[in-house]
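Colleague: The sequence and its predicted three-dimensional model are supplied below.
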Amino acid sequence: MNDELLDLVNDQDEVIGTMLRSQVYREGKLSMLRATWLLIRDISGKFWIPRRHPLKKILPNALDGSAVGHVGSGESYEQAMIRETLEELNIDVTLLPYRFIGKMSPADGMLCHMTIFELIVPVGFVMNYNQDDICQAYWLTAQEIVDKISAGEPSKDALPKIMKKFYQAI
């Protein structure tokens, strides 16, 4: 786990301090962190959903958002999304038409404060993902994602909540 410096936020998502990532996890202060999610969806409505690498320390083999990560100290949600997408997917999203979808927080049952972005791509868009982070991926509808998770597929807790809130999965 990278021991990066992260901002801590209050219930209103206002920065109130900083802490090393390892200390945040050790002290259980995840609800004071910020994260960014990018969901890649093709024009047919299917999302590119990666499976985390089995050697990941947190949630190995779990389904995840297309590009997800903590917001570093001094970064905006958008800056973190751009950085994470480049690191994990080798995509410079600044050259593509992404958009803001919404925010969720611990008040919504999330582990931390998060902002969700979406990138629409053509059907057949090829990902050149970082194989240290991701071992495989699927193109799935919002409902297929929720159904897989309901059937026991491991995932980040936020994934089905995002699909239900923003993409009408049930």
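Modeller: Noted; the coordinates are in hand. Numbering: from 1, shown residues only.
Colleague: Does residue 138 touch residue 49 like I think?
Modeller: Yes. Between residue 138 and residue 49 there is a contact under CB atoms under 8 Å: 5.2 Å. To be clear about C-beta, it is placed using only N, CA and C from the backbone, and glycine gets the same treatment.
Colleague: Which of these two has more residues huddled nearby?
Modeller: residue 49 (23 against 14; other CB atoms under 10 Å).
Colleague: so that one is in which element?
Modeller: Residue 49 is part of strand 47-52 when elements are defined by DSSP states H and E.
Colleague: export that strand as PDB, just CAs?
Modeller: Coordinates of each C-alpha in strand 47-52 appear next as PDB, following Å, rounded to 0.1, in the frame of the first residue of the first chain:
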ATOM      1  CA  PHE A  47     -20.000  -0.600 -17.900                       C
ATOM      2  CA  TRP A  48     -16.300  -1.700 -18.000                       C
ATOM      3  CA  ILE A  49     -16.000  -3.400 -14.600                       C
ATOM      4  CA  PRO A  50     -12.500  -4.600 -13.600                       C
ATOM      5  CA  ARG A  51     -11.700  -7.400 -11.200                       C
ATOM      6  CA  ARG A  52      -9.000  -6.400  -8.700                       C
END
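Colleague: Perfect, that will be all.
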